[in-house]
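prediction below, plus the sequence it came from.
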Amino acid sequence: MPVRSIPVLTTSSVHSRAPMDIRHELLKDDILLDEQFYEHVKRYKEHLKKWNKIHNLTGAKKESLMDKFIYDAVFPVSFLPKVKNILDIGTGAGFPGMILAFALPDTEVILCEPLQKRASFLQFIKADLGLKNVTVANCRVEELEPRPIELVTSRAVTDTKMLMQLSQPFLQEGSKLLFYKGERVFEEVDATLKHQIIQTQNRHYLVIDI
C-alpha cells in the first residue's frame, strides 16, 4: 500500500488567527497557478460569505477555515496527471470540485450536488465568473446519465466502498478516483485495491487506479 507523506501546513499555521496566505502556501509546494485562479478564489469567498449567512451552505464560515478548505481542495493538482474531465460527487458549497475547476480551466468539471440551495450557489458562481468548463448537476449521482469520466472526486460524502459503487457507471480502464479522507482511510482500503495514500498534515488523499 503506497503511502507518501508530504509535510505541508502545520497544525499551528492552520489554526492561527492570521489569515492563511493561499498563494504563499501553494508556491511553497511548487504549485504554480495563474492570476485568474486567485481572482476567482477571492470572488468566490466574497460570495460564499454572503450566501452562508442566509443559506448556511457550509461550516466554513470564517475566512481562515475557507482558506484551509480551498488549499486542501486544490493541493492534488501537485500530483494528479492531466485529465479531460472530472466528476465531483457531492460538491456541497464547492469543495473540492469548484476549486479544481478554477485551477484547471481546460478540464471539464461536472459538479453533482443534490441539495437545491447549494446547487443554486454553484450555478451562481459559474455564471458570475464565466466558468465555461463547469456543469452543475442538481441531482443525486445515481440520477446522472452514465458516461466515461477520467477522474472522479469526492470529499466527506461517504465511505470508500460506497463511493466506489457510486462511481462505477462513470469508470473505464485508466480512470482514477480521488477521495479526500481523514485518518480513517486506512480502515477503508486493503491490498486488493490498486491505490496510494498521499498524506499531508491535515488531509489524506486516496488515489485509486482503475
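The structure has been received and is ready for your questions.

next secondary structure after the least confident helix or strand in the chain by mean pLDDT?
When the helices and strands of the chain are compared on mean pLDDT, DSSP states H and E, helix 11-14 comes out lowest with a mean of 34. Next helix or strand after helix 11-14 toward the C-terminus (DSSP states H and E): helix 22-28.

what are the contacting residues of whatever helix or strand comes next after that following helix?
For helix 22-28, the following helix or strand on the C-terminal side (DSSP H and E) is helix 35-55. Contacts of helix 35-55 with the rest of the structure, by Cβ atoms under 8 Å, 6 or more residues apart in numbering, involve 22-23, 57-58, 60-61, 63, 66, 70, 93-94, 98-99, 102-103, 105, 117-118, 121, 124-125, 128-129. For every residue, glycine as well, the C-beta is placed using N, CA and C.

7 Å instead?
Here helix 35-55 makes contact (Cβ atoms under 7 Å, 6 or more residues apart in numbering) with 22-23, 57-58, 61, 63, 66, 70, 93-94, 102-103, 117, 121, 124-125, 128-129.

any idea how far it is from the chain center?
16 Å (Cα atoms, centre = their mean, to the nearest Å).

CA atoms of that helix as PDB?
The C-alpha trace of helix 35-55 is given here as PDB (Å, rounded to 0.1, in the frame of the first residue of the first chain):
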ATOM      1  CA  GLU A  35      -3.600  35.000 -11.600                       C
ATOM      2  CA  GLN A  36      -7.100  34.200 -12.700                       C
ATOM      3  CA  PHE A  37      -7.200  31.300 -10.100                       C
ATOM      4  CA  TYR A  38      -6.500  33.700  -7.300                       C
ATOM      5  CA  GLU A  39      -9.100  36.200  -8.600                       C
ATOM      6  CA  HIS A  40     -11.700  33.500  -8.800                       C
ATOM      7  CA  VAL A  41     -10.900  32.400  -5.300                       C
ATOM      8  CA  LYS A  42     -11.200  36.000  -4.000                       C
ATOM      9  CA  ARG A  43     -14.600  36.500  -5.600                       C
ATOM     10  CA  TYR A  44     -15.800  33.000  -4.600                       C
ATOM     11  CA  LYS A  45     -15.000  33.700  -0.900                       C
ATOM     12  CA  GLU A  46     -16.800  37.000  -1.000                       C
ATOM     13  CA  HIS A  47     -20.000  35.300  -2.400                       C
ATOM     14  CA  LEU A  48     -19.700  32.400  -0.100                       C
ATOM     15  CA  LYS A  49     -19.600  34.600   3.000                       C
ATOM     16  CA  LYS A  50     -22.800  36.400   1.800                       C
ATOM     17  CA  TRP A  51     -24.700  33.300   0.900                       C
ATOM     18  CA  ASN A  52     -23.600  31.400   4.000                       C
ATOM     19  CA  LYS A  53     -25.300  34.000   6.300                       C
ATOM     20  CA  ILE A  54     -28.600  33.200   4.700                       C
ATOM     21  CA  HIS A  55     -28.500  29.700   3.400                       C
END
